[in-house]
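# Sequence plus the predicted model coming up.
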Amino acid sequence: MIRLHIAAFFLIALIGLTVYGAILGAPFQLDDNDFVLDNPVIKNLANVTDMWNYTPRKFLTFLTFACNYAFGKNDPFGYHLVNLFLHIMTAYFLYGILSVLSSLPAVQSKGRAPFVVALFGALIFLVHPIQTESVTYIWQRSTVLSAFFYLASFFMYVTGRASRRPWYYGIALVLFITGFFAKGDIVMLPCAIILCEILFFNVSWGSLRKILVKSWPILAVIALGALLNLAAINTGLKNEFFFSGTGDIPRGIYLLTQFRVVVRYLALVLVPLGQNVDHYVVLASHGFFEPRTLVSLALVTAAIIAAIFLFRRNYRVAAFGILLFFINLIPTSSIFPLSTVMFEHRLYLPMMGFSIFLSSLVMDAITSRIFRNIAMSVILAALCFLTMARNTLWCSPTRLLEDAVMKSPLNARPHLMLGAVYYKLGNTDRARQLFERAIALSPRYPDPYNNLGLIFMDRGDTAGAERAFRKALLLNESFSEPYINLAHLAVSMGDYDSAERLLKRSLRYRLSDKALTNLGTICFLTGRGKDAEMFFRSALRVNPESNTALYNLGNLYASENKYTDAVTMYETALRIKPDMVDAYSNLGIVAYRMNDLQRAADSLRKAVLLSPQRPDIYEKLATVYDALGNKEKAVRCRKRALAFMKH
């Protein structure tokens, strides 16, 4: 049997790598930019306290990101590899759970082959296309990591229960508690365990009290969570570990809307077509008796009744799968309103239940081994094809979001995100269209106004930019980016006092290395060297990899004739961002002043290679060649400088 388990692991790993191999080089997407790429918290692995303070409930997730950054910096390969490894291991734990459950006396009477049931269920979980948003989207590692601990803990519990080895329960409890620091969805595990006891271990309702007494450590954790949840609701405090909700949607409307959402979830797992990174859902704001809400409620109720019917007919595994699907949806699809009512990554853990159900259904409904094997092969092949096709979209930021805009034409957020992608690509006309469409769809959405302001600022429309930034602040006073952008406008007009006030105000709402660096630049320009150094150093404490802060600190040291320190700053900035033309140029000047002429020439030549049409760099390089006694090259550089100045 051990050989079968080892073979199952390698098969799961091989299929996982085959289906998801193409995404290992996929770029960072969507919130990856804010929470991973531009997040200073993960830039220093030793600074564990900052990670904890940033968000305790996802501390473990950010710790793994910090490890990724320590070993691979901003290369997405390592981040994707960890996500895929966790997904494969989670699927393997599901295989282990199904192996144990399918071997129990309550299930063996169905004449099952436990290995086949377990492997098929694990492979459905592994290759179903609905999982792509959790696995391929780097930021959703928290979802996969939470599920990893959920299934690992559940596996330890059922193994201990089946083998009557209580020490497994201790491991299960440690894994359960650890999982809270990945994401709070793991809180539903005790409900899954109780359901497992009733369905598979023939525990009567009268005996349930004994189980609850034996499970007091886990129940104590849940009780504490419930108290924290209640305190968060009553005092308005942010609950870090459980799901008090983060949205402004009234609880009643959110709950009624979730009946519709759950039906759409069921459709997506049964027939995974029409996937979307940002679904558009109309809120059920007209009450309980709205026809769509009633039909959705009826369908959900029918699914639960079907599970009860299957249990009474002794199809315990299928019943368990259906009920587990709904149990694992409770954190996001109940009375705890979230800011967005539907996301596909919320199905990652519930897919455990669907995979168990579908595996059991195929095994029970198709008695012929040949036809059953054909059915399993067709299902898995179709799922693999759809997953690989979906992953091709995740490899392209524009294709992924164009797909979302096409499928959710009334949803403002995909328009905003796609506009941001086009803005970075330099297509400002298309970006402006998308930002304006986002505003038309959601006039109280501040982000597109801020982004429109950036386009106006790039085009020299100072008045239009200021209006857009101030509109964004009118809609959200705590939005830090417009303050930084308004400060940039103020600096361009020579109003350093206003710029400084705006930057300091932005820091009230968000500690940003960008704002601190800009404050340092203002102090440098106004002759306050000590203050400038303080702000640059503060920026580097927030983000040790801030190449802009390092570059500006190098400029400050160069102006104070601290050439050795300046060289260190420039070289450090260039290690982080090797295409900084001005850093090479200024490094060349500092080296020239230190009489290190060869280093000066090398640095300026690199600057020329990066920006071959800058006359000022040719002039500097000509000066260095004069000092080196190479008059021919000096003359050639001056001629090029003159030619580019004429153009």
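Nice, thanks for sending it over. Residues are numbered from 1 along each chain as shown.

# remind me which residues of this protein are low pLDDT?
Low-confidence segments of the chain (pLDDT under 70): 1, 106, 108-112, 202-247, 646-647.

# Which residue would you name as the spatial centre of this structure?
The chain has residue 139 as the residue nearest its centroid, 1.5 Å off, counting by Cα atoms, centre = their mean.

# Do I have it right that that one meets residue 37?
No. With contacts counted by Cβ atoms under 8 Å, residue 139 stays clear of residue 37, the gap being 10.0 Å. (Each C-beta comes from the backbone N, C-alpha and C, glycine too.)

# so is residue 141 in a helix, a strand, or just coil?
For residue 141, the assignment made with DSSP: H, G, I helix; E, B strand; the rest coil gives helix.

# Quick check: it vs residue 90, distance?
From residue 141 over to residue 90 the distance is 12 Å, taken as Cβ to Cβ, to the nearest Å.

# which secondary structure element contains residue 642?
Counting by DSSP states H and E, the element that carries residue 642 is helix 631-646.

# by contact count, what packs against that helix?
helix 615-628 (3 or more Cβ pairs under 8 Å, 6 or more residues apart in numbering; DSSP states H and E).

# can you give me how far the helix it packs on is from the chain middle?
Relative to the centre of its chain, helix 615-628 is centred 47 Å away, using Cα atoms, centre = their mean, to the nearest Å.

# and that helix, C-alpha only, in CSV?
What follows is helix 615-628, C-alpha atoms only, in CSV (Å, rounded to 0.1, in the frame of the first residue of the first chain):
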residue,chain,number,x,y,z
PRO,A,615,24.0,65.2,-25.1
ASP,A,616,24.9,66.0,-21.4
ILE,A,617,26.2,62.4,-21.0
TYR,A,618,28.4,62.8,-24.1
GLU,A,619,29.8,66.1,-22.7
LYS,A,620,30.7,64.4,-19.4
LEU,A,621,32.3,61.5,-21.2
ALA,A,622,34.3,63.9,-23.3
THR,A,623,35.7,65.6,-20.2
VAL,A,624,36.8,62.2,-18.8
TYR,A,625,38.5,61.3,-22.1
ASP,A,626,40.3,64.6,-22.1
ALA,A,627,41.6,63.7,-18.6
LEU,A,628,42.6,60.3,-19.9
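
# That one relative to helix 631-646, how many degrees between them?
170 degrees (axes from the mean of the first three to the mean of the last three Cα atoms, to 10 degrees).

# what comes up buried for helix 615-628?
Residues of helix 615-628 classed as buried by neighbour count (16 or more other Cβ atoms under 10 Å): 615, 617, 618, 619, 620, 621, 622, 623, 624, 625.

# now do stretch 500-510
500, 502, 503, 505, 506, 507.

# coming back round to it: and which of the buried residues of helix 615-628 is nearest to residue 327?
residue 617 (64.5 Å; Cβ to Cβ).

# Please identify which of the buried residues of helix 615-628 is nearest to residue 285.
For the buried residues of helix 615-628, the nearest to residue 285 is residue 617 (61.1 Å; Cβ to Cβ).

# I'd like to know how far residue 137 sits from residue 51.
21 Å.

# Show me which of these two is the more surrounded one.
residue 137 (26 against 22; other Cβ atoms under 10 Å).

# Which residue, other than its chain neighbours, is closest to that one?
Ranked by Cβ to Cβ, 6 or more residues apart in numbering and with sequence neighbours excluded, the top spatial neighbour of residue 137 is residue 29, at 6.2 Å.

# which residues of this protein fall in strands?
Counting by DSSP state E, the chain has no strands to list.

# measure stretch 566-586 end to end?
9 Å (Cα to Cα, to the nearest Å).

# Just the buried positions in it, please.
In stretch 566-586, counting by 16+ other Cβ under 10 Å, buried: 566-567, 569-570, 572-574, 576, 580, 582-586.

# hang on, residue 9 packs against residue 92?
Yes. Contact criterion Cβ under 8 Å: residue 9 and residue 92 qualify, at 5.5 Å.

# Between the two, tell me which one has more neighbours.
Neighbour count, other Cβ under 10 Å: between residue 9 and residue 92, residue 92 has more, with 24 against 17.

# isn't that one right next to residue 15, touching?
No. In this structure, residue 92 is not within contact of residue 15 by Cβ under 8 Å, at 11.4 Å.

# on that earlier part again, turn the buried residues of helix 615-628 into CSV, columns for distance to residue 537.
Shown next, in CSV, are the buried residues of helix 615-628 (distance: Cβ to Cβ, whole Å):
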residue, distance to residue 537
615, 34
617, 29
618, 34
619, 33
620, 28
621, 32
622, 36
623, 32
624, 31
625, 36
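
# can you count the residues close to residue 525?
13.

# ok, it to residue 495 distance?
Residue 525 is 12 Å from residue 495, by Cβ to Cβ.

# again, but for residue 197
According to Cβ to Cβ, residue 197 and residue 495 sit 69 Å apart.

# With residue 251 instead?
In terms of Cβ to Cβ, residue 251 sits 47 Å off from residue 495.

# Likewise for residue 465?
14 Å.

# more neighbours, residue 197 and residue 495?
Shown here are residue 197 and residue 495; by other Cβ under 10 Å, residue 197 has more neighbours (19 against 14).

# can you pull out the helices in the stretch 401-550 of the chain?
Along the stretch 401-550 of the chain, the stretches classed as helices by DSSP state H, counting those that start in this stretch are 412-424, 428-441, 446-458, 462-475, 480-492, 496-509, 513-525, 529-542, 547-559.
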